[in-house]
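Asker: I would like the atomic coordinates for the input below:
(2 chains)
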Amino acid sequence: MPIIINLDVMMAKRKISSNYLAEQLDITPANLSILKTGKAKAIRLSTLEKICGILDCQPADLLEYRREE
Amino acid sequence: MAKKNKCLIFSSVITKLLLVLLIITAIAGHWIAGYYNETSVLSLGLDSIYIPVLITLYLALLAGFFALLALNKLLENIKKSIVFSGVNVQILKLISYFCFAESVIFFYFGFYRPLSFMVSAAAAFFGLLMWVLTNVFEKAVKIKEENDFTV
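Answerer: Residues are numbered from 1 along each chain as shown, chains lettered A, B, ... in the order given. This next block holds a predicted model:
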């Protein structure tokens, strides 16, 4: 998947655990894991907005485009 | 919800009953073929078609048996709430193949009894219906996957 979600990096910077973030986002830890492990096929803008609000960052801090070779 | 379960149970029971009926027919196959040959062929002064009837009967029973087994597996999956999955797509494909096989079997018998061509056409039609249903399920699985992996 060319779009990489650097959620782990931002969570480590803000020292926020997966369980806490999942609780704040009102999603299951399993769903959060889908995001973290790059299995997600889509992310809702509302979810992205919440993540940016909790982690105090910009979408560009979380999303990275890497061209497939 | 109870109504849906009753419908599922009913389908499951009918499928299992048909499986039993198929097995009984397979055991009594040569008597059925013999009876048909006696009453519908020899009594009219026509040539015996005992062997073609027997071949058609057992081949049709075989295809029907496996189709019903596949259908039973599909119903078991639905009971476990496994509906839109790759496994069920494969099962539906199998059922359509068995319908087409039945069509070929009855087409062969059509050369002895032309009415069998109509049965062959009906079986081919059901095979096509199941094939289209497979396409629908394949698409549904893709949509479900997109949904499941949307956070």
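
Asker: Against chain A, how distant is residue B:75?
Answerer: 28 Å (CB to the nearest CB, to the nearest Å). C-betas here are computed from N, CA, C, even on glycine.

Asker: Could you verify that that residue is part of a helix?
Answerer: Yes: under DSSP: H, G, I helix; E, B strand; the rest coil, residue B:75 falls within a helix.

Asker: Report pLDDT for it.
Answerer: pLDDT for residue B:75: 96.

Asker: Name the residues of stretch B:105-115 that come out as buried.
Answerer: When burial is assessed from 16 or more other CB atoms under 10 Å in any protein chain shown, stretch B:105-115 yields the following buried residues: B:105, B:106, B:107, B:109, B:110, B:113.

Asker: Need phi/psi at the fifth one.
Answerer: Main-chain torsions, residue B:110, degrees, to the nearest 10: phi -60, psi -30.

Asker: so how far is the first residue of stretch A:17-30 from its last?
Answerer: End-to-end distance of stretch A:17-30 (CA to CA, to the nearest Å): 14 Å.

Asker: any weak-confidence spans in chain A?
Answerer: Chain A contains residues with pLDDT under 70 at A:1.

Asker: At the contact with chain B, which residues of it appear?
Answerer: Within chain A, the positions near chain B by CB under 8 Å from any CB of the partner chain are A:27, A:31, A:32, A:34, A:35, A:39, A:40, A:41, A:42, A:43, A:44, A:47.

Asker: Can you give me the neighbour number for residue B:38?
Answerer: Residue B:38 is flanked by 12 other residues according to other CB atoms under 10 Å in any protein chain shown.

Asker: would you say it is within a helix?
Answerer: Yes: counting by three-state DSSP, residue B:38 falls inside a helix.

Asker: Local confidence estimate at it?
Answerer: Note on residue B:38: pLDDT of 86.
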